[in-house]
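1. 3D model of this:
(chains A and B)
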There are 2 protein chains.
Amino acid sequence: MTFAEITADPATGALPSAHRRARETVEQARLADEAGLDLFAVGEHHRTDFVGSAPAVVLAAAAEATTDIRLTSAVTVLSSDDPVRVWEQFATLDQLSGGRAEIIAGRGSYTESFPLFGYDLADYADLFREKLDLLLRIRAQNPITWNGRLRPALDAADVGPRAMQEELPIWVGVGGSPASAISTGRLGLPMAMALLLGPITSHRQTVDLYREAAQDAGHDAAKLRTSINLHGYVGRTSQGARDTMYPYFAEGMMANNHQRGRGFRMPRAAFQAQTSPDAGLVVGSPQEVVEKLLAYHELYGLDRALIQIGFGGMPQDDVLKAIELLGTEVAPVVRREVGSRKEPAA
Amino acid sequence: MTFAEITADPATGALPSAHRRARETVEQARLADEAGLDLFAVGEHHRTDFVGSAPAVVLAAAAEATTDIRLTSAVTVLSSDDPVRVWEQFATLDQLSGGRAEIIAGRGSYTESFPLFGYDLADYADLFREKLDLLLRIRAQNPITWNGRLRPALDAADVGPRAMQEELPIWVGVGGSPASAISTGRLGLPMAMALLLGPITSHRQTVDLYREAAQDAGHDAAKLRTSINLHGYVGRTSQGARDTMYPYFAEGMMANNHQRGRGFRMPRAAFQAQTSPDAGLVVGSPQEVVEKLLAYHELYGLDRALIQIGFGGMPQDDVLKAIELLGTEVAPVVRREVGSRKEPAA
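-> So this is what the prediction gives:
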C-alpha cells in the first residue's frame, strides 16, 4: 500500500513531483497485480506533500491498469467526509473495476481534514459513529431515509450507482483504542488494525475486545475478519532490506508523520530494534518476512496483512523490487502455511 | 460526451447493468482518443439510473485508458459540492493524466443533488457564486484563507495536490440565463453553453451578454473562450443517422430527462424538425455534421463543441461508430475550415 507521500530524497534533497508520485502509484498497483498480490491500498491525506486527497480517483486509475487485484482505501477518513459521496465514489470504482473495490473507514490519525472541511475535533467520536451508520445503511438499502445530528437528513434518497459486489466490503480502521475495537465488534464489521512501531503483541487486547464484543452482540465468530497494516520492506537479504528501508523510513518519520513539525528522529539502532522478530516492522529477506507475517497470524488469527512499502520517498525501483518479492516469494508461502484463503497483501 | 445513463432499450426493454455502462464509458474514451478527438466529457447525476455520481472517478479510469485526449466533467454540479473536494479530485486527475483534466462548473439542470447533500434550492444562485469563487481561489493560491456564508471558512489551508497544468481549466456551464452569462463574462472565464433543442440561434443573446460583460470588466476579448454542448449522432448517411438516433433519444427524453416523471414524448416528426440546418441537434452524415458545426461556429465564434452521443441507451456499437466518424471524418474538416486550433470534440 502507499500514501503517495512526497518526501525529499534523504541523499539528494530532491522532491519528486506530484505527477511522478501519481504515476508511480499506478505502476505499483500494476506490478502488485502481476505479481499476484491480493490487495492494493491508497491512503488519504489532505496536504500538498501527499497525492492522497482523493483515493478513489487514484484507485480508479489503478483499476484500469490491473485485472485481478482488489483495491481499497486505507483509510477513508470517514469522519470528515460525506458517506453519500464516499459511497458514490467507491461504488463507481466497484462498477469500473468489475467488483474489486473495498473501503477501510477510519477516523484518521492525521487531523488536517477536520478544519479543512469545517468539522470540530470535539465531535471526533460522534462523527465517525454517525457517518459509519449512514454508510452501512446506504450499502444495505436504496432508496434510503435517514436522520442524524452531523449530516443533513435523507428522505427516500436514491443513492447511485449501487455496488457491483453483492456487499461492497467496508472494514473499520482501528488504531488501538479499546472503544473502537469494541464498537467495531458490536457491529460485526471486519477490523483493520494498524501497527507501526512497538511489540507485535500490541494489539492482543484490541483483538480480544473486538471478538468478545462481536460475540456478545450475537455475531458469528467464524465470519469475523481482521487485518493489520504494517510498515515493511522485502529484500534479497536481511541486512540489505534494512539498509534499503532505513534512510527513507527515518526521513518519513521526520517529514511526513502526523502534523507537520511533529516528526521525530529515528536513529539506526532504534530502527534496527523495531525489525527484530518481536517488534512491529516487517523487514528482511523473504524468509524473514514470511516468518514475521506468520507470527502476526499466530497472534491475531489475521485474514490479511497490508504492508506499506517505501514510506519516506524510497525510489520507485526499490519499491517495485519489494512488491515483486512480496508477490512471488512471500505471499505464496504465507498462503500455503496459513491455509487456502488467508491471504497477505501489499 | 456521456452521462452514462441507464435506459431501457426501447426495442427490448432490457436495462444495461451499471457495470456495463461504466465499462462502455471507458471504451468510448479510448476510441475517442484513438480517433483523434480533443476532449472527453462525463456528466454528473445522482441517481441509480446513471453511473455519473462521481465523474472524476470515471475520468481517472478513462485517463489510464488514453494518452492524449483531454478529460472534463460536463458539468460538475458545483453548487451542491465542496470546492475543496472538487479541486482535490480534479487536481489528482490532472496529475494522473499528465495534465489533461478540466472542469466545467455548473449549477446543475437536474436538482436531485440539492436535497441529497442538504442544500436549499433557495440558495441556488448564492451557492454557485460562492463556491465558484472558492474554487478559483484554490486554483490561484495555496495555502488559502477564505470566508463565506455557505461553506466553512479556511484558515491558511494547504489544499493538495496542486494541478500539473499551470492553470487547470475551469469553464462555467451556462444553460441560457442572461445573469449566468453576464457573471461568467465579468469573471473572464471560458463559457460552456448547452443547446439541446430549439433554434441554433438560441444563444445569441447569451454570447453577446457574455462578451459585453467581459469587455466591461476589462478582460481581453481575444482570450475569451466559448464552447457548446449539443446532442447528436454521425452516421454514414443523413437518413441512417436519424434512424439510429431517434428511438434512443426519444426514450431518453422520456425516461432520463430532468426529474423522474417529467419526461416528455417526442414524436418522430418533432425530432426530424430538430435535425434541420437551423435547429439544435447535430445529426446526419459527416458532411451534414461538419456544416452544422461550422454554422454554430459562424454564429458564436466557438472554440469547441461537445457532442453527447447515444443519450437514451443507444447500443455501444452504434455509439462507437459515431465516435469513429466524428474523429476521422468530421473533426479534421472542421479544424481545417475553422483554423488551426478551433477544435470540436466528442
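2. Model confidence score at the residue in the stretch 151-300 of chain A that chain B sits nearest to, please.
-> Residue of the stretch 151-300 of chain A nearest chain B, by C-beta to the nearest C-beta: residue A:152 (2.4 Å). Every residue, glycine included, has its C-beta placed from N, CA and C. Per-residue pLDDT puts residue A:152 at 96.
3. so what's residue A:162 up against?
-> A:91, A:142, B:18, B:48 (C-beta atoms under 8 Å, 6 or more residues apart in numbering or on different chains).
4. Put together CSV for these, with neighbour count on each row.
-> Shown next, in CSV, are the contacts of residue A:162 (neighbours: other C-beta atoms under 10 Å in any protein chain shown):
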residue, neighbour count
A:91, 30
A:142, 17
B:18, 24
B:48, 17
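5. Export those to CSV and append columns for secondary structure and distance to residue B:295.
-> Listed next are these as CSV, based on DSSP: H, G, I helix; E, B strand; the rest coil; distance: C-beta to C-beta, whole Å:
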residue, secondary structure, distance to residue B:295
A:91, helix, 41
A:142, coil, 44
B:18, helix, 37
B:48, coil, 38
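6. May I ask which of those residues comes out lowest in pLDDT?
-> Across the contacts of residue A:162, no position has a lower pLDDT than residue B:48, which has 85.
7. Surely it is in contact with residue A:159?
-> Yes - assessed by C-beta atoms under 8 Å, residue B:48 is found in contact with residue A:159 at 7.5 Å.
8. Between those two, which contacts overlap?
-> In contact with both residue B:48 and residue A:159: residue A:142, using C-beta under 8 Å, 6+ apart.
9. List, one by one, the residues from the stretch 151-300 of chain A near chain B.
-> Proximity of the stretch 151-300 of chain A to chain B is confined to A:151-155, A:157-162, A:164 under the rule C-beta under 8 Å from any C-beta of the partner chain.
10. Check the gap between the residue nearest the centre of chain A and residue B:62 for me.
-> With distances taken as C-alpha atoms, centre = their mean, the residue of chain A nearest its centroid is residue A:74 (3.0 Å). Here residue A:74 is placed at a distance of 24 Å from residue B:62 (C-beta to C-beta, to the nearest Å).
11. on that earlier part again, point me to the helix or strand that includes the residue of the stretch 151-300 of chain A closest to chain B.
-> Residue A:152 belongs to no helix or strand when assigned by DSSP states H and E.
12. got a list of what it touches?
-> Counting by C-beta under 8 Å, 6+ apart, residue A:152 touches B:117-118.
13. Tell me how far it lies from residue B:80.
-> Taken as C-beta to C-beta, the span from residue A:152 to residue B:80 is 11 Å.
14. can you check residue A:305 too?
-> Going from residue A:305 to residue B:80 by C-beta to C-beta gives 40 Å.
15. So for these two, which residue has more residues nearby?
-> residue A:305 (29 against 25; other C-beta atoms under 10 Å in any protein chain shown).
16. Can you read off the backbone torsions of that one?
-> Dihedral angles of residue A:305 (phi, psi; degrees, to the nearest 10) stand at phi -130, psi 140.
17. Identify the bridge partners of it.
-> When bridges are called by DSSP bridges, residue A:305 pairs up with residue A:228.
18. ok so, going back, let me see the contact set for the residue nearest to the centre of chain A.
-> A:1, A:41-43, A:104, A:173, A:192, A:229, A:306.
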